[in-house]
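Asker: With the sequence up front, the predicted model follows.
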Amino acid sequence: MKHKLLILFLLGIFSLFKQEVSGQGSSARTGATQSFCGTTGAFTVTPEVGCAPMKVDIESQMTNGVNVTYSYDFDRNSNNPPAPADRSYALTHTYNTPGTYTILQYGSAGGTGFSECKEVTVKETRGPKAELIACSSGKVRVTLGDDAITKAYDAVTINWGDGKSENVNLKTSTAAFFEHTYAAAGNIPAITLKGSYANSTCAAEVNATTLTAGAPQSLAAIRIRSVEMPANGDAKVIYDGMEGIETKVYIALGNGDFIFTNKTGQTGGAQSVTVPLLDPKLVYRFQLWSTDICGNVVKSPIVSSIAIKQGGLSLDEIISMEWENETNTDGLVEYQLKRDGAVIFTTPDKRSYEDTGVKCGNTYQYEIVAIIENDVRSYSAPISLEPKTSAPGDITNAVVTVKDNNTIGTKVELSGEGLTSAYNLIVERALLGSGSFEVVSPANNQSLQWDDANVSTSQNSYCYRFQYENACKMKSPSFSAPVCSILLTTRTPDIVWNGEAPFLSAVGTYDLQQVDEGGSLINVISKGTSTNHTLDLASQSDFGYRVEAKSADGNFTSLSNLLNFRSEAIILVPDAFTPNGDAYNERFEVKAYFVKEFSMSIFSRWGEVIYHTKDITEGWDGNFKTGEAPGGYYLYKIEATNATGQTVVKNGSFMLIR
């Protein structure tokens with residue numbers, strides 16, 4: 001038997017599936033979309049309208065129906081059959097929740113699928129919802145709920161409990177609340193509410209709601225949402241009102257006392273009032289004063305206006321702003337600064353900003369927004385500002401440094417007005433002693449430290465002068481005073497530098513800087529205005545020197561090339577001497593530097609040693625044994641050991657002149 005029922009079930013499903021496929025194919029051909037609810041079934045449902053909980057009975061009227069199932073909460077707009085979990089063979093069903101439901105019948109008969117839908121309505125029977133507010137004076141207010149249960153009824157009867165009642169037609173009434181006053185203050189009986197339908201349906205089944213006085217009326221929902229101060233001073237205040245509650249708008253200048261603005265309302269939802277003739281440059285505080293049904297005045301959180309103005313900083317292509325406001329009741333989240341409608345800066349606490357993203361010749365509009373806790377906003381009046389434009393001053397601070405044989409570095413310092421984020425530093429160069437300056441910097445040079453890599457520092461000294469051009473195409477009135485490089489050379493044992501001053505103004509001092517092999521400064525020798533220095537070669541090993549010159553006013557600096565010395569033996573031999581008694585060039589004297597040991601021999605043209613010494617301070621006086629050596633050419637051989645122990649040999653000839 002079970003096998004036969006299973007076969008019949010499968011056949012019914014297959015038959016119904018064929019019908020669905022056929023229907024869908026027809027829809028596809030015609031372009032229409034059909035609901036799964038058909039008109040080929042037949043059944044009755046009792047009752048079709050009733051009160052929750054409502055039990056319905058189903059009776060199928062299909063002849064030879066096979067595998068007839070029901071879905072008691074079917075979506076009438078669905079194109080698909082219900083899920084297996086939503087199918088039932090039961091012929092009874094109980095609805096516990098009010099609403100309108102669709103019952104689907106479907107199955108097969110004679111090998112053809114069928115379906116049919118009917119609707120049932122389950123009426124609400126739960127008690128209406130409402131809020132009760134009671135005053136100690138005996139006055140009460142009932143506000144009916146804006147919920148599905150309450151709105152399901154046609155009418156609600158309010159029984160005040162003192163023999164009086166009030167019937168409210170929910171379909172026509174526009175009242176937001178209902179009030180009643182009891183003769184005996186403070187003695188408020190239970191208040192009941194009961195819903196009803198126009199045709200007296202479910203009159204016996206509908207439940208009543210009993211209201212008891214709870215907490216005092218809350219007016220926390222009445223609060224300012226935004227304060228906007230336009231340029232004309234007609235402040236706009238947006239606030240949330242409450243139906244039937246009188247709300248007044250108060251204002252205070254700064255931290256002064258609040259006064260009534262003569263703006264009031266008692267409507268629920270978002271409200272807008274305009275408080276005219278205020279000064280947008282000043283700061284005001286706003287507050288709502290509301291009176292509840294019991295006569296109590298409840299004050300909302302305070303919201304301050306905000307004012308923005310131009311700041312004290314005054315630089316080209318920088319707009320400085322400041323803003324102020326009074327303390328709000330709720331905490332500040334952040335300030336948002338807008339330029340031309342777009343936020344460019346946010347801060348939780350700062351009250352100033354310098355806008356460097358501006359250009360000369362443009363006008364910008366700024367406003368500040370204070371974002372306060374609980375989604376409150378305060379908007380300042382907009383202000384229009386232009387970047388300042390002024391001519392820059394002359395450059396009065398500069399440094400010129402010889403970096404290598406082909407590079408001189410220049411550096412300037414800027415101060416004063418007229419300085420912008422974009423600029424052109426014009427650098428001109430001339431040979432020392434020449435007044436023919438030419439521009440050597442690239443166009444739109446935006447480097448205050450610029451290297452000139454087209455020079456020969458071992459051959460010449462160069463002079464540089466500078467002029468500043470800002471983004472507004474305004475230049476400093478004239479070029480700076482020139483600053484020249486210093487050419488440091490050696491004339492062993494002396495080092496010298498160009499005697500012509502590197503500045504137009506007086507030189508304050510020349511400082512000879514001694515550096516080690518790594519370039520680190522190890523000693524500074526002040527040379528005053530002298531332009532040479534004699535080295536103590538015998539006591540020094542590896543070292544380097546450079547000269548720094550500063551102008552007397554301290555504004556200009558010039559650094560020479562670096563002159564390096566190594567402790568390699570230096571032997572200087574004369575090519576002639578004249579021992580004739582005139583006290584000039586009387587001895588054959590050799591100069592040697594960086595030498596630890598010294599040996600010199602002098603030979604006649606035939607190779608005979610006629611003089612030998614190991615004392616570098618001695619020299620040959622031109623005598624041989626007991627007499628004067630004749631004039632002519634003589635040979636010498638010098639052997640020396642330097643500071644590192646290396647031996648140096650030098651051979652040559654010289655002339656003795658009588």
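Answerer: In hand now; what should we look at?

Asker: where does this structure have low pLDDT?
Answerer: 1-33, 214-215, 537-542, 566-567, 643-644 (pLDDT under 70).

Asker: Can you show me the helices along it?
Answerer: Per DSSP state H, the chain carries helices over the ranges 2-30, 148-151.

Asker: Enumerate the positions of the last one that are buried.
Answerer: Neighbour-count burial for helix 148-151, with 16 or more other Cβ atoms under 10 Å as criterion, is recorded at 149-151. (Glycine included, C-beta is placed from N, CA and C.)

Asker: what's the answer for stretch 586-593, then?
Answerer: Buried residues in stretch 586-593 (16+ other Cβ under 10 Å): 588, 590, 592-593.

Asker: related to what we said a few turns ago, which one of the buried residues of helix 148-151 sits closest to residue 319?
Answerer: Nearest to residue 319, judged by Cβ to Cβ, of the buried residues of helix 148-151 is residue 151 at 57.1 Å.

Asker: what residues are up against the closest one?
Answerer: For residue 151, the contact set (Cβ atoms under 8 Å, 6 or more residues apart in numbering) comprises residue 170.

Asker: mind listing the strands for the stretch 551-658 of the chain?
Answerer: Remark: strands assigned in the stretch 551-658 of the chain by DSSP state E, counting those that start in this stretch are 556-559, 563-565, 570-572, 576-577, 591-593, 595-603, 609-613, 623-624, 627-628, 632-642, 647-656.

Asker: Okay, now the sheet partners of the longest one, with direction.
Answerer: Spelled out, it's strand 632-642. Strand pairing for strand 632-642, determined by DSSP bridges: strand 595-603 (antiparallel), strand 647-656 (antiparallel).

Asker: can you redo those strands as TSV with distance to residue 560 and mean neighbour count?
Answerer: Shown next, in TSV, are the strands paired with strand 632-642 (distance: least, Cβ to Cβ, whole Å; neighbours: other Cβ atoms under 10 Å):
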stretch	distance to residue 560	mean neighbour count
strand 595-603	28	17
strand 647-656	30	14
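
Asker: Which one, of the ones you listed, ends up nearest to residue 62?
Answerer: Between residue 62 and these, the tightest spacing by Cβ to Cβ is seen for strand 647-656, at 130.3 Å.

Asker: residues making contact with the closest one?
Answerer: Here strand 647-656 makes contact (Cβ under 8 Å, 6+ apart) with 569, 571, 573-577, 579, 588, 595, 622, 629-642.

Asker: could you flag which of these are buried?
Answerer: 569, 571, 573, 577, 579, 588, 595, 622, 629, 634-636, 638, 640, 642.

Asker: so which two of the buried residues of stretch 586-593 are the farthest from each other?
Answerer: Greatest spacing in the buried residues of stretch 586-593, by Cβ to Cβ: 588 and 593 (18.1 Å).

Asker: any idea how far the residue nearest the centre of the chain is from residue 355?
Answerer: The residue lying closest to the centre of the chain (Cα atoms, centre = their mean) is residue 345, at 7.1 Å. Using Cβ to Cβ, to the nearest Å, residue 345 is found at 8 Å from residue 355.

Asker: before we move on, what about residue 150?
Answerer: To residue 355, residue 150 is 56 Å away according to Cβ to Cβ.

Asker: What residues sit buried inside stretch 281-300?
Answerer: Going by neighbour count (16+ other Cβ under 10 Å), the buried part of stretch 281-300 is 283-290, 292-293, 298, 300.

Asker: Take the strands of the stretch 551-658 of the chain and write them to a markdown table, including distance to residue 112.
Answerer: Converted to a markdown table, the strands of the stretch 551-658 of the chain look like this (distance: least, Cβ to Cβ, whole Å):
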| stretch | distance to residue 112 |
| --- | --- |
| strand 556-559 | 108 |
| strand 563-565 | 112 |
| strand 570-572 | 125 |
| strand 576-577 | 142 |
| strand 591-593 | 127 |
| strand 595-603 | 128 |
| strand 609-613 | 142 |
| strand 623-624 | 152 |
| strand 627-628 | 156 |
| strand 632-642 | 123 |
| strand 647-656 | 126 |
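
Asker: right, so of those, which gets closest to residue 365?
Answerer: With respect to residue 365, and counting by Cβ to Cβ, the nearest of those is strand 556-559 at 44.5 Å.

Asker: Each with direction, which strands does that closest one pair with?
Answerer: Counting by DSSP bridges, the strands paired with strand 556-559 are strand 397-404 (parallel), strand 543-551 (antiparallel).

Asker: As CSV, those with mean neighbour count and distance to residue 239 would be great.
Answerer: Converted to CSV, these look like this (neighbours: other Cβ atoms under 10 Å; distance: least, Cβ to Cβ, whole Å):
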stretch, mean neighbour count, distance to residue 239
strand 397-404, 20, 59
strand 543-551, 21, 69
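
Asker: Distance to residue 412 added to the ones you listed, as JSON lines?
Answerer: Formatted as JSON lines, the strands paired with strand 556-559 follow (distance: least, Cβ to Cβ, whole Å):
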{"stretch": "strand 397-404", "distance to residue 412": "5"}
{"stretch": "strand 543-551", "distance to residue 412": "14"}
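
Asker: what's the closest of those strands to residue 368?
Answerer: Checking those against residue 368 by Cβ to Cβ gives strand 397-404 as the closest, at 38.1 Å.

Asker: Measure how far that closest one is from the centre of its chain, please.
Answerer: Relative to its chain's centre, strand 397-404 lies at 38 Å (Cα atoms, centre = their mean, to the nearest Å).

Asker: on that earlier part again, would you mind giving the buried residues of helix 148-151 as a markdown table with distance to residue 603 added?
Answerer: Putting the buried residues of helix 148-151 into a markdown table (distance: Cβ to Cβ, whole Å) gives the following:
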| residue | distance to residue 603 |
| --- | --- |
| 149 | 135 |
| 150 | 136 |
| 151 | 135 |
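
Asker: of those residues, closest to residue 164?
Answerer: Closest approach between those and residue 164, by Cβ to Cβ: residue 150, at 21.1 Å.
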